[in-house]
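Peer 1: got a predicted structure plus its sequence, pasted below:
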Amino acid sequence: FCCNGRVTPDRRVTPKLWEVKKVYQYMTFEEVGENNVGLRNHYSFLNMRHFNLRYVILKDGVPVAEEEFGLPDGKPGEHRTIHIPYLRHLTEDADYHINLEVKLKHDCVWAKAGHVVATEQFLLRERKQKTEVPELSASLQVVEERQYIRFRAPGTEISFDSKTGMMIGLRYDGQNMIHGQQGPALNWYRSISNDPREWIQPVVALRGFDWKLAEDGKSASVQSQIEVKVGQVNIPYTVKYRVYSNGRVDVAADFTTESNFDLPRLGLQMFLNPSLEQVEWYGRGPMENYADRSGAAFVGRYAQRVADQFHMKYVSPQESGTRSGLRWWRLTDDSGLGVEICSDRHFSASAIPFAIPQLDNGSPEYVRHPGDLVPDGRTHVNIESVQSGLGCVNSWGRLPRPEYLLPYGDYSFNFLLQPVTGGR
């Protein structure tokens, strides 16, 4: 099995290695009541006294308290309850997590003091979600020209194409966030080297399009009904937009699948302006993570450039860059202007500078090595609430475990787009 491991031939780490380390760790944690954490020693010969415990309390993904101390006596196989007074840090207006690390207390023959041997994260408290209705002062101006409908207000313009049903413009402070008129559209595909699935050009048909201005003139509703056929798989879906004069756009997508549905993801893809190079998110990270490979990726706030979202260390170009468990996802330019995506439930997203044909080994645009990839001048953003697992049950061919597959049925996904200025 050449070039298929957790470490590349030149000994560079891939995200798979972090997951394997998490699964194989010899210390396991459990929640055992308020202000306490349970710890079990699975080593055969080492006492807990060989290690320190470090904890960090996160408020909305940002550290607010931390401490490190030596672990008590705990022989192999034994369990200990560790007191951590975290309740004093918690309030009702935020999410709180606790990150835990077991670290070597002293140097040994295979690692230095401070080397982390086990990790865990627990959710301590979750913010109560509130439905926020934007306060609007301006009215929308509606401009119809040929097949285009444009909703304008001070500092914003949101455009649709009635012939394709797509949102083609999302302009904030004069800059269009959307590139090439390619707003949200169905994305069903991903390219994985060990997955024999091949790209099929979908057949797309618009079945209906309408819009209506609200009575107060400060918002408008737009609805597109689209049918996509991928080989023998038929996917009718509806996207409903609510456009506000402050630039916010609420998006609700409803997908219907049939009994022959076997696709790996159901989400929306759009092409954004390549100047949106900065990515910040509140969710799992920092490494890429998927439904069945997320144990080592803890919830927090992270930042990267779009170019670094794609994992260049895989031997062959393929699917890469997804982050899951997202509360919000933000892309901005160097001035801090951009767009934020958030939802009332956790979702996954990715932003990479390469198109699917560049990553699919059956395409003429495919190159054999990631170092040969050339960005195509667009930021490819995928947003989804459901994506099947990667598999990894054997070296290739086997489907993911049943709990990580997408059964046929009806799926819905709500999120909103809103302007970001000054990086927030």
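Peer 2: On my side now, so go ahead.
Peer 1: stretch 169-185 spans what distance, first to last residue?
Peer 2: End-to-end distance of stretch 169-185: 13 Å, with Cα to Cα, to the nearest Å as the criterion.
Peer 1: what's it in contact with?
Peer 2: Here stretch 169-185 makes contact (Cβ atoms under 8 Å, 6 or more residues apart in numbering) with 150, 155-159, 161, 166-168, 204, 226, 239, 247, 249, 251, 253, 268-276, 333, 337-339, 377-379, 383, 417, 419, 421. Where you see a C-beta, it was placed from the backbone N, CA and C, and this is true even at glycine.
Peer 1: of these, buried ones?
Peer 2: 150, 156-159, 161, 166-168, 226, 239, 247, 249, 251, 253, 268-273, 275-276, 333, 337-339, 378-379, 383, 417, 419 (16 or more other Cβ atoms under 10 Å).
Peer 1: which ones among these map onto strands?
Peer 2: 150, 156-159, 161, 166-168, 226, 239, 249, 251, 253, 268-272, 338-339, 379, 383, 417, 419 (DSSP state E).
Peer 1: which SSE is the closest residue to Ile235 other than its chain neighbours in?
Peer 2: Across the structure, with Cβ to Cβ, 6 or more residues apart in numbering as the measure, the residue nearest Ile235 apart from its sequence neighbours is Val228 (4.8 Å). Element membership for Val228, per DSSP states H and E: strand 219-230.
Peer 1: that strand - what's its average pLDDT?
Peer 2: Strand 219-230 comes out with an average pLDDT of 96.
Peer 1: distance from it to the middle of the chain?
Peer 2: Taking Cα atoms, centre = their mean, to the nearest Å, one finds strand 219-230 lying 23 Å from the centre of the chain it belongs to.
Peer 1: okay, angle between it and strand 156-161 too, please.
Peer 2: Here the directions of strand 219-230 and strand 156-161 differ by 40 degrees (axes from the mean of the first three to the mean of the last three Cα atoms, to 10 degrees).
Peer 1: Val116 bridge partners, please.
Peer 2: For Val116, the beta-bridge assignment (DSSP bridges) gives partners Lys103.
Peer 1: hang on, it packs against Leu100?
Peer 2: No. With the criterion set as Cβ atoms under 8 Å, Val116 and Leu100 do not qualify as a contacting pair; they are 10.2 Å apart.
Peer 1: who has more neighbours, these two?
Peer 2: Here Val116 and Leu100 are set side by side on neighbour count (other Cβ atoms under 10 Å), and the busier one is Leu100, at 20 against 14.
Peer 1: please, which helix or strand holds that one?
Peer 2: Assignment of secondary structure by DSSP H and E places Leu100 within strand 96-104.
Peer 1: and that strand, what does it pack against?
Peer 2: When contacts are defined as 3 or more Cβ pairs under 8 Å, 6 or more residues apart in numbering; DSSP states H and E, strand 96-104 packs onto strand 36-41, strand 51-59, strand 116-125, strand 298-305.
Peer 1: which neighbouring elements make contact with the helix or strand following the longest one?
Peer 2: In other words, strand 116-125. The element immediately downstream of strand 116-125 (helix or strand, assigned by DSSP H and E) is strand 141-145. Using 3+ Cβ pairs under 8 Å, 6+ apart as the contact criterion, the elements in contact with strand 141-145 are strand 148-153.
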